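Participant: Dropping the sequence and predicted coords here.
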Amino acid sequence: MMNQKTYRPISKEVHTSDDLDFQFLKDEGIKVIQRIGNKIWTDYNAHDPGVTILEILAYAITDLGYRLSLPIEDLLLGNDKANYLKKHFHMASDVLPCKALTGLDYRMLLMDVEGVKNSWIETYSKQIYMDCKNLKMAYDPAIWEGLPEKDKKSFELKGLHKILIDASDDIPFAQIKRKVLSAYHQNRNLCEDVVEVIPVESHPVQVCAIMDLSPDADEELIAAKIEWEIEQYFSPNIHFYSFENMLDKGYTTEEILEGPYLKHGYLDPDELRNAKLRDKISQSDIIQLIMDIDGVEAIRDLSINHCEEGSSGGGWVITVPEGKKPVLCDKSKFNFFKGLLPLNVNQETVAAHKNAIVTQNQVEQYEIKEKGFPLPVPHLYPLGEYSSIRNDFPEVYGVGPLGIPESAKGVDREKKADQLKAYLTFFDQILVSYFKHLTEVKNLLSVFSTHERSYFTETVTDIGDHGEFLGSFYDDGSLYEDLMAPFDERNKRSQKLKDHLLARFAEKFSDYAFLMKKIYGSGVDEQVLKTKSFFLEEYGKISAERSTAMNYYKQPLKNLWNTENTSGFEKRVALLVGIKDYFRKNLSRSFVEIYPSTNAEGEAVFKWRIYDQDKNVLLQSIKSYKGRTAAHKDIYLVIQQVKAVSNETIEETLNQFGEVPEVGFDFDCFKVSISPTGRFSFGVFNLDIKDPESPDYLIASQQKYFAFPNFKNALLSFKSFMDEKMDDEGMFVVENILLRPDFNEAELSNQHFLPFCKDDCAEGNCIDPYSFRVTIVLPGNSFRFADRDFRDFLENLIREEMPAHILAKICWIGRANTGDLEEEDQMSLFEEAYANFLSGLTVGDYQYHEQFIKILSELHSIYPTGTLYNCEDEDESNAMRDTIILGRSNLGTI
């Protein structure tokens, strides 16, 4: 038998509590002193001043240890008791529920619609017939007429559903249907769609009974209860529960919050699974439920049967046709006796009692149940409050608030006291920094913010004599810059903190960060940090919507274009690659022109310019480039470096000049230059290049010059343009199932199907171009997307994030040769056709399908201009970036 090893999980109890043990800290301190100072220090008794200092420091450390061991809710509280958790973290109700994904999820979602007693989602069957000879498709098998068997192919569309609704009689079904469709499309899965919503057909059942009632029974109320209980037996209401009810049922928090987050409370999944359409009715079951009603003493006779004319087969058990629900028909009759006397029942009173029961049940069913769950109640502690350790020294030391006793004052004594004060300030500063960090834990670990600092400190001035032995520098506001700033690698430390938070959601950005740094250098570190931060901020949304598709059902035009109404897949992939604006928007307009030029050696090269909306040149390249890929790399680097500079930094830098500067200067990524006439302009340099004399140092410059009073506004205006307008990255995800022709269109010429070729009909090939397929269209001319490595990364990411059952075709489109800003390209044609298609789809109009299918089928991928590998090129890495690699320049990939 193989040897088995037992593995234990890492314990959560890693705290040794040694920091709370004063005697342990003192003993450890003595051991260290003995080890490193035994030749000059031999007295370790309590009266020794060094031991006194050690004891006071050990006590201060225990204070810090006690504060660190407080419950996490106390450490996070701050000053906002109501929102202290929501302010910094995603709540469980944000990240644990998700949009409907499984059949059970959809049933829960639809039963949250008032008037829906129960629901089922089933497969909708639709066959498509293919004429492989004439390359045609149709819904009608008549297309096969006259064809040999080898040219006849067919397939069934997958991912289509029909919804069956067990609806209440109190609300019109048309109203319920609209709400059901709206709820479904808000949660629609990628590459799936609903074709019809239909009510469950009724099967009338007759129940007749003769019963004995107790003398004090209300026969009209009992008759109403009998009808209600039988109807519930036929088609029971499913009840909503509160969070506490679900806990009492034995469900864990994770199980309760699984699935869609419902308006009216929580549904028990086991109850819902068992709530099926009844296929048989048992006489004994009805006898039992009638006997459970108070006031019913005995049942003399009871029969059940079908209600149709001439029905037979009544007995102990009758069957209900598949797909139908039993209902109590008007032939049912209930007779009551009290003793030997028959009772006359007032049917109007019975109807009134029945209506009251139904109304009360609806109130109980659809009242909002308590969905919240108890959170720990925090207590406010002065976590950062700190007083100098000098307060704890015996007065004889002369370092406390009382100072040196009058009897011992003297110049020599005061100097020694000041020396000790300065020595103890070193420990004070370390301790107060720890306490200050404790107050910032909630900000450093917040998923909604990135702190401008990662180290913190403050002055210790509670005694008030610090100016006597430290000088004025101590409290002039520059303590952080003097002590912490040189060591505060804010970006690197913030990256680690964000990586820790991402790991808690099983997410990572290591591949993305490595690729960005490999292509663009450390100049994009800030962008990588912002990418991680924004991903964490949006995680509550993208976690719940991960599997959803766009909502196209009866949407206004503003919700179809320039909107965040996109699939969860698009949002997630966009955020994983640093595209903050994941809206469906126009990507064809570019403010960048890459144009051919000739260098001093007469070689063909490329240069670039950035325009504004009015075609004014804002920035142009200094260097020349042998390939477009290198130009795109520098363009993107410039954009990201400029975006990383804050407006506050620009204003603070330029406001510090009391007079017009006489020489140029650098700050952040900007190189400010002065013309011979005293006017100002700027350029952008590469932060990774430290040598200003390097030809790669200065990337681009602006050729406009401004008077110094106007220079700040000009630079801020440029920064605003780069932040708001320089964004041409995004993607379009087209679900092929939505391109299907109208099922109700009988005219063959109006049925526009996706094209296919002869090879698709070959044995073993997939002939279904609709089911679980998407076409992903990306702009091939944007800055990062022009880089082959980044394209490979993005294509791999798309395949990893795409649900395993969906096949994606990826197409990079745009202008094959940039340079003319007015030139129409594939992307602009695609965008126009796609917008028209969506505007028709949302209202059920198929007039734009043909044009969009034509545009989509004619798309072809563009790739960066390639060159054959030059073995004599000195810069081998750059040479390889633009080389042609066999098998990689295919037109689109799947």
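Facilitator: All right, it came through fine. Just so it is clear, the structure is predicted and the values come from calculations on it, not from any experiment.
Participant: how about residue 509, what does it touch?
Facilitator: For residue 509, the contacting residues are 499, 502, 528, 531-532, 535, 576, taking C-beta atoms under 8 Å, 6 or more residues apart in numbering as the criterion. All C-beta atoms are positioned from the backbone trio N, CA, C, and that covers glycine.
Participant: Looking at per-residue confidence, what score does it get?
Facilitator: pLDDT, the model's per-residue confidence, is 92 for residue 509.
Participant: for residue 443, same thing?
Facilitator: At residue 443 the predicted local confidence, pLDDT, stands at 88.
Participant: cool, and residue 490?
Facilitator: For residue 490, the pLDDT comes out at 88.
Participant: hang on, isn't it packed against residue 452?
Facilitator: Yes: shown here, residue 490 and residue 452 form a contact pair, counting by C-beta atoms under 8 Å, at 7.0 Å.
Participant: Give me the more crowded residue out of the two.
Facilitator: residue 490 (16 against 11; other C-beta atoms under 10 Å).
Participant: what residues are up against the more buried one?
Facilitator: By C-beta under 8 Å, 6+ apart, the residues touching residue 490 are 451-454.
Participant: Check residue 829 too.
Facilitator: If a contact means C-beta under 8 Å, 6+ apart, then residue 829 has residue 855 as its contacts.
Participant: That one in helix, strand or coil?
Facilitator: Local secondary structure at residue 829 is given as helix here, using DSSP: H, G, I helix; E, B strand; the rest coil.
Participant: begin at 127 from here
Facilitator: Sure, I'll start counting at 127 from here, so that last one is residue 955.
Participant: hang on, the earlier thing: what two of the contacts of residue 635 are the furthest from one another?
Facilitator: The two members of the contacts of residue 635 with the most space between them (C-beta to C-beta) are 625 and 702, at 14.2 Å.
Participant: What count of nearby residues applies to residue 216?
Facilitator: The criterion is other C-beta under 10 Å. On that basis, residue 216 has 20 neighbouring residues.
Participant: again with the one 4 residues further on
Facilitator: Residue 220: 16 surrounding residues under other C-beta under 10 Å.
Participant: Neighbour count for residue 625 and residue 702, which is higher?
Facilitator: For residue 625 versus residue 702, the count of surrounding residues by other C-beta under 10 Å is larger for residue 702: 21 against 15.
Participant: circling back: show me just the buried residues among the contacts of residue 616.
Facilitator: The neighbour count (16 or more other C-beta atoms under 10 Å) marks 579-580 as buried among the contacts of residue 616.
Participant: Max pairwise distance over the contacts of residue 616: which two?
Facilitator: Using C-beta to C-beta, the two most remote members of these are 578 and 580, lying 8.8 Å apart.
Participant: Tell me how far the host helix or strand of residue 958 lies from the chain's centre.
Facilitator: In this structure, residue 958 sits in helix 952-967 according to DSSP states H and E. Average the C-alpha atoms of helix 952-967, do the same for its chain, and the two points are 27 Å apart (C-alpha atoms, centre = their mean, to the nearest Å).
Participant: average model confidence for it?
Facilitator: When pLDDT is averaged over helix 952-967, the result is 92.
Participant: As CSV, could you dump the C-alpha coordinates of the helix or strand hosting residue 653?
Facilitator: Under DSSP H and E, the secondary-structure element containing residue 653 is helix 651-663. Taking only C-alpha atoms (Å, rounded to 0.1, in the frame of the first residue of the first chain), the coordinates of helix 651-663 have been written out as CSV:
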residue,chain,number,x,y,z
ASP,A,651,3.6,51.1,-13.4
GLU,A,652,1.0,53.7,-12.4
GLN,A,653,-1.4,52.5,-15.0
VAL,A,654,-1.0,48.9,-13.9
LEU,A,655,-1.8,50.0,-10.3
LYS,A,656,-4.9,51.9,-11.5
THR,A,657,-6.0,48.8,-13.5
LYS,A,658,-5.8,46.7,-10.4
SER,A,659,-7.6,49.3,-8.3
PHE,A,660,-10.4,49.9,-10.8
PHE,A,661,-10.9,46.1,-11.2
LEU,A,662,-11.3,45.8,-7.5
GLU,A,663,-13.8,48.7,-7.4
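Participant: could you point out which element follows it?
Facilitator: Downstream of helix 651-663, the next assigned helix or strand under DSSP H and E is helix 665-670.
Participant: Helix or strand next in line after that following helix, which one?
Facilitator: Per DSSP H and E, helix 665-670 leads on to helix 694-702 as the next helix or strand towards the C-terminus.
Participant: Report all helices and strands that that following helix contacts.
Facilitator: Counting contacts by 3 or more C-beta pairs under 8 Å, 6 or more residues apart in numbering; DSSP states H and E, the secondary-structure elements packed against helix 694-702 are helix 651-663, helix 665-670, helix 914-927.
Participant: Tell me which of the ones you listed lies nearest to residue 347.
Facilitator: helix 665-670 (46.2 Å).
Participant: Would you tell me which strand is longest in this structure?
Facilitator: Longest strand in the chain by number of residues (criterion: DSSP state E): strand 327-339.
Participant: chain center to whatever helix or strand comes next after it, what's the gap?
Facilitator: Beyond strand 327-339 in the direction of the C-terminus, DSSP H and E gives the next helix or strand as helix 345-360. Average the C-alpha atoms of helix 345-360, do the same for its chain, and the two points are 49 Å apart (C-alpha atoms, centre = their mean).
Participant: If I take helix 345-360 and strand 327-339, what angle do their directions form?
Facilitator: 140 degrees (axes from the mean of the first three to the mean of the last three C-alpha atoms, to 10 degrees).
Participant: Give me the buried stretch members for helix 345-360, please.
Facilitator: Buried residues in helix 345-360, counted by 16+ other C-beta under 10 Å: 345-357, 359-360.
Participant: again with stretch 458-471
Facilitator: Taking 16+ other C-beta under 10 Å as the neighbour-count basis, stretch 458-471 is seen to contain the buried residues 458, 460, 462-463.
Participant: Which pLDDT does the model give residue 436?
Facilitator: pLDDT recorded at residue 436 is 63.
Participant: Okay, now stretch 605-625: how far is its last residue from its first?
Facilitator: Stretch 605-625 has an end-to-end distance of 29 Å (criterion: C-alpha to C-alpha, to the nearest Å).
Participant: Ignore what I typed, I meant stretch 645-655.
Facilitator: Using C-alpha to C-alpha, the span of stretch 645-655 from its first residue to its last is 16 Å.
Participant: And it, how far out from the chain middle?
Facilitator: Stretch 645-655 has its average C-alpha position 22 Å from the chain's average C-alpha position, going by C-alpha atoms, centre = their mean.
Participant: hmm, who's touching that stretch?
Facilitator: 576, 617, 620-621, 624, 635, 638-639, 642-643, 704, 759, 762-763, 766-767, 769-770, 795, 812-814, 910, 913, 915-916.
Participant: mean confidence for that stretch?
Facilitator: Over the span of stretch 645-655, the pLDDT mean works out to 83.
Participant: re the thing from before, may I see the buried residues of the helix holding residue 958?
Facilitator: Of the residues in helix 952-967, those scored as buried under the neighbour-count criterion (16+ other C-beta under 10 Å) are 952-965, 967.
Participant: How about stretch 485-499?
Facilitator: Using 16+ other C-beta under 10 Å as the test for burial, stretch 485-499 gives 488, 491-492, 495, 497, 499.
Participant: do the same with stretch 253-261
Facilitator: If you call a residue buried by 16+ other C-beta under 10 Å, then stretch 253-261 has these buried ones: 254-258.
Participant: Next step: those residues restricted to strands.
Facilitator: For these, membership in strands holds for 254-257, with DSSP E as the criterion.
Participant: Which two among those are spaced furthest apart?
Facilitator: In these, the most distant members under the criterion C-beta to C-beta are 254 and 257, with 11.0 Å between them.
Participant: Below-threshold pLDDT in the stretch 277-426 of the chain: ranges please.
Facilitator: Counting by pLDDT under 70, the stretch 277-426 of the chain has no low-confidence residues at all.
Participant: what are the ranges of the strands in it?
Facilitator: Chain-ordered strands for the stretch 277-426 of the chain, with DSSP state E, counting those that start in this stretch as the definition, fall at 278-282, 286-293, 319-325, 327-339, 366-367, 392-393, 406-408, 422-432.
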